[in-house]
Structures are given as structure tokens and as C-alpha cells.
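Colleague: Next input, structure requested:
(one chain, ligands or ions: 2)
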Amino acid sequence: MPLPRARIVTLNAALGPLDYRVPDGMAVEPGSVVVAPLGPRQMLGVAWEAERLPSEEVGDNRLRPLAGLVEVPPVRPALRRLAEWTADYYLSPLASVLRMILPSSSALAGPRTMVEYRPTGNAPARLTPQREQALARIEGRQGTVRELAALAEVSEAVMRGLVNAGALERVEVDGDQPFPEPDPDFAPPQLSDEQREAAASLTGAIGGGFDPTLLDGVTGSGKTEVYFEAIAEALRQDKQVLVLLPEIALTEPFLTRFTARFGCEPVAWHSDLRSSQRRRAWRAIASGEARVTVGARSSLFLPYANLGLIVVDEAHEPSFKQEEGVQYHARDVAVMRGHFEEIPVILASATPAIETRHMVEIGRYREVQLTERHAGASMPAIRAIDLTQDPPPRGRWLAPSLVAELQANLDAGEQSLLFLNRRGFAPLTLCRHCGHRFQCPNCTAWMVEHRLMHRLACHHCGHVMPPPKACPECGEEDSLVACGPGVERIADEVAELFPDARTAIVTSDTIWSPARAAEFVRAMDAGELDIVVGTQLVTKGYHFPNLTLVGVVDADLGLQGGDLRAAERSFQQIQQVAGRAGRGDKPGRVLVQTHDPDAPVIAALVSGDGPGFYAAETEARRDAAMPPFGRLAAIIVSSEDKAEAEGVARRIGHAAPKVDDMAVFGPAPAPLAMLRGRHRQRLLIHAARKLDVQDVIRDWLGGVEWGSKVRVAVDVDPYSF
Ligand code: ADP
Ligand code: ZN
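Modeller: Ligands and ions are numbered 1, 2, ... in the order given. Reported below is the predicted structural model:
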């Protein structure tokens, strides 16, 4: 029913809901997307049920009229309920959640035809170094002047100069060009008996209401093939599907597989989209025309017209946890969206999180299992290399027995993968003469040497400096040493050991776009690579039949720091990277370098006793009332002024309410005591499961005031602490 006045949640997170007068002839209902005047400006907003959002009463005569109604479908009730839940649970403004639903105003109100530019291949008459750099970086790309300038790291003026010089040509893009329709019967696979049973269990749930299911299958067992059947069934029932992937680098291999199964690509949604692509995808999602969307966590909040299934692939991945803004966990919000939309949610993983297994154990989630690898491939054997018994030579990192296996694999013409979860050449540079360590000026972190890029870089804030020639402290030259290995250093070692081997480094530095990921996959498939050195980026999703040896360079790395999830995370990571080996008809083997082969994680990996490891970890969590048996939340107080951050944190600490079943620790410096130039203090809250800790924190923080230079953020269910 059209409303005479409307309560509007604008995209301005600093403001609560505001009331407006609805002009005659404008049909506003809950969910309508509107343009609202805010002071001298105009802002997008969404009309909400007034009774659900208390606001100051304003008399009719003092209301300003809405400036416009945007011609897009209203935000549906299920998504409004999800937005409310997310704002409540993660203690965030509703406006911040709305920003994820309506992420681009050009998608909503911008022109249908967008102007972009692409290289013509003609060199401009005057080729400055800057123009040369710009043209090299944007080869094969297309976008607005602003997007291309950002891509090439030059000014927009340089780009416009290239347009005028005829090196770039203008292209008009139709922002509403339709997407092709995936065909559920394009190329169905022959499923094994076990796969067919699993697929039947998943397809049977489509159209039948809320149904969270853990699809739990060893690496290479065909989880993707199986959930593709559930997607096919949703398509047959004319419903939309969302597939969440943890990493944008994984989208390209996924698109290829999807196309082979369904005859065309799904709609992709991630931060790398050009604004014209974003507009086209958003509108197709909202109209229902986009049948299958694959995306990073942010695609979870899009306004699907007719969602019938959500799949979270690699559901154990920590990158589903958003660490800025609304600090939500996409895996958990996916389940909540399934709840409000009354649809099935599939969480696929070979190494599910303890939280997820627990939900299965208490009967909240169903479980569908795949126990065998496809086509008779066997699970790789995992063996530990005890570095105390079989140490690498001085200044080296690969044990002789691992080197021998790499040699054997080269001789056999098979591919190998060395895994080390550390980008760059060395994590620390220090002066041998005075002990000076190169630290980031903005963060409590070492500057990591990136030899390939000729610089030191902070992995937290992006600060870079040229490689130093002398120590800034004592002035000594030739005294600087690189400490510890990163993937680049391991690649150097491989190059020295095997000068003829064809190697590649796979990290976010070398695979920064879906296109680069596709090129890596192509080179692997074509047999153009022998040894790959990679970070966690290679632990996921890939399927290389000729990859038969995996070496874990430092299995102890993840266990340092004593984090609650350290052991679980190490187990998952090593199990996942091990799962890359022997996926074809040749058996795989995995060698794990460690100083402590008796550590429970290593012992469980070697003996293959995953269930035993999980059971022990779960018991330890239960004994300590840690998640999922208890709740955690962190309050992070940050400011550029250290004393101010400490002062506010102390006041928040003093104001802590005395509540049964809740303990407050701190304030103390947060694990990253300084980040991007802000000093960070943390209070950690440990509470019983049954306590509504959000309610407590809301009341608590509501009673403390702080200045505008201080930021107070709450991290509910923090991933690491
Ligand atoms: P997971 O996701 O469990 O690691 P995948 O779905 O990636 O497993 O399957 C591993 C490989 O085996 C893929 O290359 C996939 O195409 C192939 N595969 C799995 N099941 C089948 C099947 N029934 N028919 C043909 N190929 C299959
Ligand atoms: Zn930094």
C-alpha cells in the first residue's frame, strides 16, 4: 500500500532512520529504493517498516519530501530481515549493510550506455615513459578513463592524452545487455554411485525450504560435480543460485568448469569488476535474469529476485570473514540468508570448520558425505621430514630427502608443488652490525623484502620502500641480511638446485587477477611448468592431474603464536595443499618439513586420523568454553593518538557491566598494536553461549562517550585473537 510518509534508512551510516513526506503520485512501499534529501545533498535510501525501526517522531508539517523513486525492484522482505539481523548481530549500522545491498549508485540510477576506452594498438607520436608504462599495463583491457588510470597507476590526464593521441578508442557499452542462460542439461556428468546418492540428497531439497547441509568430501571426490547437480535442479525450477568462493583468483577455473557443465558462464561478482560490469550484473541479479551468480563474500547481500540455493565452496576458508566495516562471516550469514529466504544452503569442504561440524553433531545441519576420490584416484600418502634429523644445508631451506624427491619427480616428468605461506623473499631484514630491524612506520610489522619487485613492503598497510643500501641506524654498508624464507627465496633455491626446471611462483603478487589465474592453470595443464612454489593461494580448488609431489616447507609456521585456531588452521591448510597431489591416475605423495613430528597436528596428518584430531580439538574447545561452546567478541579502540586510544579503552574497561557468565579481558595492546598509523587497544569478551552478548555490548558502549578521532569497532566471533 502506498504510504503518505515513509521511514527511510539512508546510506549514511552516521544517521539513523529518517522520516520523509511521500509526494503525490510517488508509490513508496517498504523496500522501495528512493532518493532522499539530506541537508543540501541527496542520498539513496530504502523505505522500511516504520514499526520495526523506532525513530524520533516528526510532525507531518516538518517533513521534507522525497526527491525521487528509483526504478529498481524494491528490496524484498527476506533481505530486509537479513539486513536487520546482520546489523544487530555484528553491531553495525543498518546503513552499512544497505551499502552492500546497493553497492553502486550508477547501477541504480546511472545511464544505460556507458563510455569506455580500449587500446587501439597504435603507438602515439610522442611516447613518454609514463605513456609507455600506461600502455603496457592496460594491454587487452577496457574501462573508463578513471579505471584505466587506476590500473596503470598514472593520472587521468595521462590517459586522456592517450585518447587524444589516438592510442585509445572509445567504446559504448550497453549496460543492460542480457546474460546467456545456463542450460541444466548441457553436459551432465556420469556420476559414481556415491556421487549420485549425494547429488540426489541435495537436489531433493531444492524448493523445499530452509536446509543447511554440510557437503563433506575428501579433496578430489567430486564435491563440485555434485553441487552442480543441485544447481541444475534449481535452474529447472526457475530459481536463482549464488555460489560463494573464498578467493577471486579461484573464479576463473570455476568459470571454465561451470561453462563445461552448463554451456555458458555464470554472472561474476567481485571487487575487480568495472563499473559497467557491476551495473549490468547488479541489475540482472535484481531482475532475476542472472540465473547463477558466482562471487566473493560481498555477493551475499545482493538483492536476488528469486534465490533458490546458496553454495559456499571451501566453506572452511578464513577469507570468508570480513575484517573491515561490517565484520561479518560470510559462511554464517549465508546460512542466515537461507533461513530468511527459506532455501537450502550447501557448505562444501574437505576440512570443515569445527563450528560447522558441531552444527552437524547437534542436528542443526545435515551432512552429505563423499568418501572416495573420483575415478579411483587414491589419497596421497603424507610423510613427515624431521628437520632435526635431516637438516637442509646452511642457508638453505629444503631438506636433502625433499630435494631427492623433487629430482625423482623431474626425472619422471611429473609436476611438484612447494608450499610456504609467506609472500616475498624474506620476512625480515636486519643489520648484522647494529641489530637494526626494518619495521613499517605505520604498523607493528616487519617490512617484507620483495626481491622481484625491488622493494620492501608492509603486508598490512601496503607501505613500500626501496631496498636499502646501507643501515639507516649505523650507516654500515654490506651489513644487511635477509632473515628467513619467503616463496621467492625458495624459488631461488630451486633454481640453483635444478637450473633446467621450469618454475613459477604463485602468490597474490603474481596472480592478481582472474586472467593471471587462468594463465597459470593453462601453463600447468599444458605441462609448461615443473615446480611451483606457492602460498595458500595454491591450496584451493585447483585440479592438476600431473601434480604428484607436494612439499610443505615449514609445517610449524602456522602453529606459532598460540592462537585458538592455530592447530585447526594448520591441519586444514596442510590437508588442502596435500589434496592437490595425485588427483589423476598417478598416486601423489606429500612431504611435510617440521621440527616437531610428534606435534598432534603433524601426527594426525601423517596417520590420516583427521577425525581423531577434530575430536581432540573439539574437546579442548569444550573444556575451555571456547567457540562454538562459548562466545567471543573483541572491542577494538583505535586512534592516531596513542594516549587517546589507551584512555578511551580504559574508560570502556571501567564501564564494563558485571554480568554472570561473562568475563572481560584487557584493555591491552591489540595483536597488531599499530595498524595503518592507528594505535589499537583491545578488550576481549568471553561469554557463555546462552548470553545475548550483543545486547550487553550495545548497552555498555552506549554509556561511554569518545571523541571523533577515536574509532571503536566490535568484532563479534573474531576469527583470530
Ligand atoms: P572436489 O571439489 O571434491 O575437490 P572436484 O569436483 O573438483 O572435487 O572433482 C575432482 C576432479 O574429478 C575434477 O576434475 C572433476 O571434473 C572430476 N570428476 C569428479 N567427479 C566426476 C564425474 N562423475 N565424472 C567426471 N569427472 C569427475
Ligand atoms: Zn604497515
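Colleague: Now the closest residue to Leu452 other than its chain neighbours: which helix or strand?
Modeller: Leaving aside its chain neighbours, Leu452 sits nearest to Glu488 (5.9 Å; criterion: C-beta to C-beta, 6 or more residues apart in numbering). Where you see a C-beta, it was placed from the backbone N, CA and C, and this is true even at glycine. Using DSSP states H and E, Glu488 sits within helix 487-497.
Colleague: residues touching Asp19, list them.
Modeller: The contact partners of Asp19, by C-beta atoms under 8 Å, 6 or more residues apart in numbering, come to 5-8, 50, 55, 58, 63.
Colleague: Also Met447?
Modeller: Taking C-beta under 8 Å, 6+ apart, we find Met447 in contact with 429, 438-440, 456-458, 463, 465.
Colleague: Who are the contact partners of Ser319?
Modeller: Neighbour list for Ser319: 246-247, 297 [criterion: C-beta under 8 Å, 6+ apart].
Colleague: Of those residues, which belong to strands?
Modeller: Among the contacts of Ser319, no member is found in strands (DSSP state E).
Colleague: Restricted to buried residues, select those residues in PyMOL.
Modeller: Remark: buried members of the contacts of Ser319, expressed as a PyMOL selection using 16 or more other C-beta atoms under 10 Å:
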select buried, resi 246+247+297
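Colleague: Can you name the residue of the stretch 401-550 of the chain nearest ligand 1?
Modeller: Evaluated by C-beta to the nearest ligand atom, the stretch 401-550 of the chain has His543 as its residue closest to ligand 1, separated by 4.3 Å.
Colleague: Run through this protein and note the low-pLDDT ranges.
Modeller: 1-3, 106-107, 109-111, 249, 541, 561-562, 721 (pLDDT under 70).
Colleague: who's in contact with the longest strand seen in it?
Modeller: Counting residues, the longest strand in the chain under DSSP E turns out to be strand 662-675. For strand 662-675, the surrounding residues in contact (C-beta under 8 Å, 6+ apart) are 442-445, 460-461, 634, 636-638, 646, 649-650, 652-653, 656, 679-688, 691, 693, 696, 720-721.
Colleague: Can you tell me which of those end up in strands?
Modeller: Secondary structure assignment by DSSP E places 634, 636-638, 679-688 of the contacts of strand 662-675 in strands.
Colleague: top of those by neighbour count?
Modeller: When neighbours are taken as other C-beta atoms under 10 Å, the top entry among the ones in strands among the contacts of strand 662-675 is Val637 (28 neighbours).
Colleague: Pull the contacting residues for His543.
Modeller: By C-beta under 8 Å, 6+ apart, the contact list for His543 reads 220, 253, 583.
Colleague: what about it, is that helix, strand or coil?
Modeller: What DSSP: H, G, I helix; E, B strand; the rest coil gives for His543 is coil.
Colleague: Begin at 27 from now on, thanks
Modeller: Okay, residue one is now 27; in that scheme the one you just asked about reads as His569.
Colleague: What backbone torsions are found at it?
Modeller: Main-chain torsions, His569, degrees, to the nearest 10: phi -130, psi 100.
Colleague: Asp412 versus that one, what's the distance?
Modeller: From His569 over to Asp412 the distance is 31 Å, taken as C-beta to C-beta, to the nearest Å.
Colleague: Same question for Pro145.
Modeller: Shown here: Pro145 relative to Asp412, a distance of 55 Å by C-beta to C-beta.
Colleague: ok, now Gln203?
Modeller: Taken as C-beta to C-beta, the span from Gln203 to Asp412 is 59 Å.
Colleague: between these two, who's got more neighbours?
Modeller: The neighbour count for Gln203 versus Asp412, taken as other C-beta under 10 Å, is higher for Asp412 (17 against 10).
Colleague: ok, the more buried one touching Thr620?
Modeller: Yes. Assessed by C-beta atoms under 8 Å, Asp412 is found in contact with Thr620 at 6.9 Å.
Colleague: As a check, name the ranges of all helices in the stretch 227-376 of the chain.
Modeller: Secondary structure of the stretch 227-376 of the chain, counting by DSSP state H, counting those that start in this stretch: helices at 249-262, 277-288, 301-313, 356-367.
Colleague: With mean neighbour count and distance to Tyr330 added, can I get the ones you listed in TSV?
Modeller: Formatted as TSV, these follow (neighbours: other C-beta atoms under 10 Å; distance: least, C-beta to C-beta, whole Å):
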stretch	mean neighbour count	distance to Tyr330
helix 249-262	23	12
helix 277-288	19	18
helix 301-313	22	6
helix 356-367	22	8
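Colleague: Between the ones you listed, which one is closest to ligand 1.
Modeller: helix 249-262 (3.3 Å).
Colleague: on contacts alone, who are the packing partners of that closest one?
Modeller: Helix 249-262 is packed against helix 219-229, strand 237-243, strand 266-270, helix 277-288, strand 333-339, strand 370-375, strand 392-396, with contacts defined by 3 or more C-beta pairs under 8 Å, 6 or more residues apart in numbering; DSSP states H and E.
Colleague: Between those, which one is closest to Arg548.
Modeller: Closest to Arg548 of the helices and strands packed on helix 249-262, according to C-beta to C-beta: helix 277-288, at 9.8 Å.
Colleague: can you give me how far that closest one is from the chain middle?
Modeller: 19 Å (C-alpha atoms, centre = their mean, to the nearest Å).
Colleague: go on, stretch 378-387?
Modeller: 20 Å.
Colleague: Kindly report the residues of this structure close to ligand 2.
Modeller: Taking C-beta under 5 Å from the ion as the contact definition, the chain meets ligand 2 at 466, 468-469, 484, 486-487, 489.
Colleague: how about 6 Å then?
Modeller: Within the chain, the positions near ligand 2 by C-beta under 6 Å from the ion are 466, 468-469, 471, 484, 486-487, 489.
Colleague: Quick check: ChimeraX command selecting the buried ones in these.
Modeller: Per 16+ other C-beta under 10 Å, the buried members of the residues of the chain next to ligand 2 correspond to this ChimeraX selection:
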select :466,468,469,471,484,487,489
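Colleague: need the residues of the chain next to ligand 2 in TSV with distance to ligand 1, can you?
Modeller: TSV is the format used below for the residues of the chain next to ligand 2 (distance: C-beta to the nearest ligand atom, whole Å):
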residue	distance to ligand 1
Cys466	38
Asn468	39
Cys469	36
Ala471	34
Cys484	35
His486	32
Cys487	35
His489	38
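Colleague: Closest one to Ala356 out of the residues of the chain next to ligand 2, please.
Modeller: Ala356 lies nearest to His486 out of the residues of the chain next to ligand 2, by C-beta to C-beta, at 21.7 Å.
Colleague: In contact with that closest one, which residues?
Modeller: Counted by C-beta under 8 Å, 6+ apart, His486 has contacts 466, 468-469, 471, 698, 701-702.
Colleague: And for Leu424?
Modeller: 418, 432, 444, 516, 519-520, 523, 577, 579, 619.
Colleague: run the last query once more with 7 Å
Modeller: Applying C-beta atoms under 7 Å, 6 or more residues apart in numbering to Leu424 gives the contacts 418, 519.
Colleague: just Glu499 next, same as before
Modeller: Residues in contact with Glu499 (C-beta under 7 Å, 6+ apart) are 457, 460, 462.
Colleague: One more: Ile411?
Modeller: 425, 427-428, 617-619.
Colleague: Thr529 is in contact with Val520, correct?
Modeller: Yes. If you go by C-beta atoms under 7 Å, Val520 and Thr529 touch, sitting 5.5 Å apart.
Colleague: anything in contact with each of those two?
Modeller: 557, 559.
Colleague: Same drill for these two, tell me which one is more crowded.
Modeller: Per other C-beta under 10 Å, whichever of Val520 and Thr529 has more neighbours is Val520, with 22 against 17.
Colleague: what distance separates the start and the end of stretch 551-561?
Modeller: End-to-end distance for stretch 551-561: 19 Å, by C-alpha to C-alpha, to the nearest Å.
Colleague: Up against ligand 1, what does this structure have?
Modeller: Neighbours of ligand 1 within the chain, by C-beta under 6 Å from any ligand atom: 215-218, 221, 243, 245-251, 400, 569.
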